[in-house]
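Chemist: sequence first, then the predicted structure, then my questions.
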Amino acid sequence: MLTSGIVTIPTRASDFVPKLFNNLMYVLFVCVISKIISSFSQQVSELDQMVRRMVLESLGVEKYYDEHIESTNYLLRVMKYKGPDTSDAKLGLQPHTDKSIVSILCQNQVNGLEVQSKDGTWIEVKISPNSFIVMIGDSFLAWTNGRLHSPLHRVMMTGDKARYSTGLFSIPKDGYMVKAPEELVDEEHPLLFKPFDFVEFTKFNNTAEDHGCKSALKSYCGV
Ligand SMILES: O=C(O)CCC(=O)C(=O)O
Ligand SMILES: [Fe+2]
């Protein structure tokens, strides 16, 4: 072995070959995983765009579709919730509304997601395998001037099985001002939120007392 201050360089082939093999396997693994993740995100982002097109069309503001799509980035989050090994439900993820435009969730066979109804009841989300959950986030609620609802949701865990989920979140790009179009503001629907920058809103949300909660959007830019 040749040893420098920081790096150890194996000089014998018997040391070098297994290390090289492990490194190559690791690189290969990372390449395959990133290809799978990128292909998954691409396909789910098409679903996100389809949902947004349907919403804009139903509100008669489809002329904003291109602007909507061009001003969006995507964030993919992969989550694991450990089973608490108890039959009592334990909080896996605290109640919050998503700050995104749209969130698309996909899970393994272990349920746990709960959504709060308007009367405050928590409803378990039980979906069939290979289904997606589409949820509206606060940015879309604000953009549609309150025509859409961003539900409060949480994850509750029981039993010993781990829950895996992925979330693809469409979010406004840095510097894009989320602003309800004039067609959605009138006497019957007065403006609910002042235009806001998404990044500033998330910074506010991360430090706010009501972190993550329903009222964060109202506290930040409610009219
Ligand atoms: O894991 C889930 O199903 C929910 C995740 C979630 O609500 C979030 O990441 O915002
Ligand atoms: Fe969420």
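Modeler: All right, it came through fine. Ligands and ions are numbered 1, 2, ... in the order given.

Chemist: which residue ranges of the protein form helices?
Modeler: Secondary structure of the chain (DSSP state H): helices at 13-58, 65-70, 138-143, 198-207, 215-221.

Chemist: and the longest one, anywhere near ligand 1?
Modeler: Just to be clear, that refers to helix 13-58. No. Between helix 13-58 and ligand 1, judged by C-beta under 6 Å from any ligand atom, nothing touches; the nearest distance is 13.9 Å. Heads up, the C-betas are built off the backbone N, CA and C, glycines and all.

Chemist: just send the helices of the chain back as CSV, with mean neighbour count and mean pLDDT too.
Modeler: Listed next are these as CSV, based on neighbours: other C-beta atoms under 10 Å; pLDDT from 0 to 100:
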stretch, mean neighbour count, mean pLDDT
helix 13-58, 12, 92
helix 65-70, 13, 96
helix 138-143, 26, 97
helix 198-207, 16, 91
helix 215-221, 18, 90
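
Chemist: redo these as JSON lines? Include distance to residue 93.
Modeler: Compiled in JSON lines, those are given as follows (distance: least, C-beta to C-beta, whole Å):
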{"stretch": "helix 13-58", "distance to residue 93": "20"}
{"stretch": "helix 65-70", "distance to residue 93": "28"}
{"stretch": "helix 138-143", "distance to residue 93": "17"}
{"stretch": "helix 198-207", "distance to residue 93": "15"}
{"stretch": "helix 215-221", "distance to residue 93": "16"}
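
Chemist: got the residues of the chain near ligand 1?
Modeler: Residues of the chain found near ligand 1 (C-beta under 6 Å from any ligand atom) are 77, 79, 93, 98, 105, 107, 113, 153, 155, 165, 167.

Chemist: among these, which are located in strands?
Modeler: The strands, defined by DSSP state E, take in 77, 79, 93, 105, 107, 113, 153, 155, 165, 167 from the residues of the chain next to ligand 1.

Chemist: how many neighbouring residues does the fifth one have?
Modeler: What it means is residue 107. 22 (other C-beta atoms under 10 Å).

Chemist: excluding its backbone neighbours, what's nearest it?
Modeler: residue 165 (4.2 Å; C-beta to C-beta, 6 or more residues apart in numbering).

Chemist: tell me which residue lies nearest the centroid of this structure.
Modeler: residue 169 (3.5 Å; C-alpha atoms, centre = their mean).

Chemist: dig out what it forms beta bridges with.
Modeler: Beta bridges link residue 169 to residue 75, residue 103 when assigned by DSSP bridges.

Chemist: do I have it right that it meets residue 98?
Modeler: Yes. Using C-beta atoms under 8 Å, residue 169 makes contact with residue 98 at a distance of 6.7 Å.

Chemist: could you tell me which residues touch both of those two?
Modeler: Applying C-beta atoms under 8 Å, 6 or more residues apart in numbering, one finds that residue 169 and residue 98 are jointly contacted by residue 137.

Chemist: so which residue of this protein comes closest to ligand 1?
Modeler: As assessed by C-beta to the nearest ligand atom, ligand 1 sits closest to residue 165 within the chain, at 3.5 Å.

Chemist: kind regards, and thank you for your time.
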